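>>> have a look at this prediction, sequence included:
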Amino acid sequence: MKKISIETLNDNFIEAIGKEWMLISAGNKDCFNVMTASWGCIGWLWNKPVAVIFVRPERYTHEFIENNDIVTLSFLGKEANMRSIYNFCGSKSGRDYDKVEATRLVPVETECGSVTFAQARLTLECEKLYKDNFKPECFVSQEINKWYGGSNGGYHDAYIMEIKNVYVNQ
């Protein structure tokens, strides 16, 4: 894992997040959880490079995000073996499964003491700056509500985070 300057990063994050997906992790090497996400944003806000993630409160990883200042976003690639890791981490709860054991992910401690994985081609290490939750009355388009309620789950919490470190797999 090699640390690089964010200025050298030239990934297409619409493609990376929406089609490759990412693992969201929070906690430390001794106690963390990981989940898959295919919704998120990378950009510039408050004169900082930021990442925005959306996590439903009922997700086990939500507890870890709430209790830690640092969150990592790990991109594994599009290969079939990585897709199976994404699928497992997105469909199984860390309450019920040891995701590291089941997927053979290899945890690696980051500079800020958080967790990424040896398999990650790219990791963004982020510090939480702001959190809010989606509110049904705030949706301008009511069509968005199809994503919520019933078996879809609760409204997402949105986290805006400063990207502090960027790592690539050597």
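Looks like it came in fine.
>>> what helix or strand is residue 32 located in?
strand 31-37 (DSSP states H and E).
>>> could you dump stretch 18-38 to CSV, C-alpha only?
Output of stretch 18-38 as CSV, limited to C-alpha atoms (Å, rounded to 0.1, in the frame of the first residue of the first chain):
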residue,chain,number,x,y,z
GLY,A,18,-21.7,3.1,-9.4
LYS,A,19,-20.3,0.1,-11.3
GLU,A,20,-17.2,-1.2,-9.5
TRP,A,21,-18.7,-0.4,-6.0
MET,A,22,-16.7,0.2,-2.8
LEU,A,23,-16.3,-1.1,0.7
ILE,A,24,-17.0,1.3,3.6
SER,A,25,-15.1,0.4,6.7
ALA,A,26,-15.0,2.0,10.2
GLY,A,27,-13.2,0.9,13.4
ASN,A,28,-9.7,-0.2,14.0
LYS,A,29,-7.8,-3.4,13.0
ASP,A,30,-9.0,-5.2,16.2
CYS,A,31,-12.7,-4.2,15.9
PHE,A,32,-14.3,-3.0,12.7
ASN,A,33,-17.0,-3.7,10.2
VAL,A,34,-17.3,-3.4,6.5
MET,A,35,-20.2,-3.0,4.0
THR,A,36,-20.6,-2.6,0.3
ALA,A,37,-21.9,0.6,-1.2
SER,A,38,-22.8,1.7,-4.7
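>>> chain center to it, what's the gap?
From the chain centre to the centre of stretch 18-38 is a distance of 5 Å (Cα atoms, centre = their mean, to the nearest Å).
>>> give the buried residues for that stretch.
20-28, 32-37 (16 or more other Cβ atoms under 10 Å). For glycine as for every other residue, the C-beta is placed from the backbone atoms N, C-alpha and C.
>>> then stretch 94-105?
94, 99-100, 103, 105.
>>> reformat those as CSV; add secondary structure, distance to residue 51 and pLDDT.
What follows is the buried residues of stretch 94-105, written out as CSV (DSSP: H, G, I helix; E, B strand; the rest coil; distance: Cβ to Cβ, whole Å; pLDDT from 0 to 100):
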residue, secondary structure, distance to residue 51, pLDDT
94, coil, 21, 93
99, helix, 21, 96
100, helix, 23, 95
103, helix, 23, 97
105, coil, 20, 97
